[in-house]
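**Q** have a look; sequence and predicted model below, questions after that.
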Amino acid sequence: MYVCVCKGVTDHQIRQQVSDGARSWREVREATGCATQCGKCACYAKSLTKEALQEARMDADMGLAYAV
């Protein structure tokens, strides 16, 4: 789904940025250009980034639990 129509950024691209190592909304915004034009998508894009970061942390924690 498109999150930022101005820059053509999808929810998949935001999640991919987090998967590739982005650790903040600022890093995702800089990498994708999301919310840098009109800004109407910023609120949703931030919450999506936060959700993806939480999932990444949970996945990392689970990986550590299984490694022990």
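**A** That came in fine, so what should we check first? In this text the structure is predicted, and so the values were computed from the model without any measurement.

**Q** model confidence for residue 60, exactly?
**A** pLDDT for residue 60: 84.

**Q** check which helices and strands the helix or strand where it lies sits against.
**A** Assigned by DSSP states H and E, residue 60 belongs to helix 42-67. Other elements packing on helix 42-67 under the criterion 3 or more Cβ pairs under 8 Å, 6 or more residues apart in numbering; DSSP states H and E are strand 2-4, helix 11-19, helix 25-32. C-beta: built from backbone N, CA, C; applies to glycine.

**Q** other SSEs contacting the second one?
**A** Pointing back at helix 11-19 there. Under the contact definition 3+ Cβ pairs under 8 Å, 6+ apart, helix 11-19 sits against helix 25-32, helix 42-67.

**Q** how far does it sit from its chain's centre?
**A** 5 Å (Cα atoms, centre = their mean, to the nearest Å).

**Q** circling back: buried stuff in the helix holding residue 60?
**A** Buried residues in helix 42-67, counting neighbours by 16 or more other Cβ atoms under 10 Å, are found at 42, 45-46, 48-49, 52-53, 56.

**Q** before we move on, what about stretch 4-19?
**A** 4, 7, 9, 11, 13-15, 17-18.

**Q** now, the most widely separated pair of the residues you listed?
**A** Spatially, the most separated pair among these is 7 and 18, at 17.2 Å (Cβ to Cβ).

**Q** show the contacting residues for the spatially closest residue to residue 42 that is not a sequence neighbour.
**A** Excluding the flanking residues, the one nearest residue 42 by Cβ to Cβ, 6 or more residues apart in numbering is residue 35, at 3.9 Å. Applying Cβ atoms under 8 Å, 6 or more residues apart in numbering to residue 35 gives the contacts 4, 29, 41-42, 45-46.

**Q** could you rerun that using 6 Å?
**A** By Cβ atoms under 6 Å, 6 or more residues apart in numbering, residue 35 lies in contact with 29, 41-42, 45.
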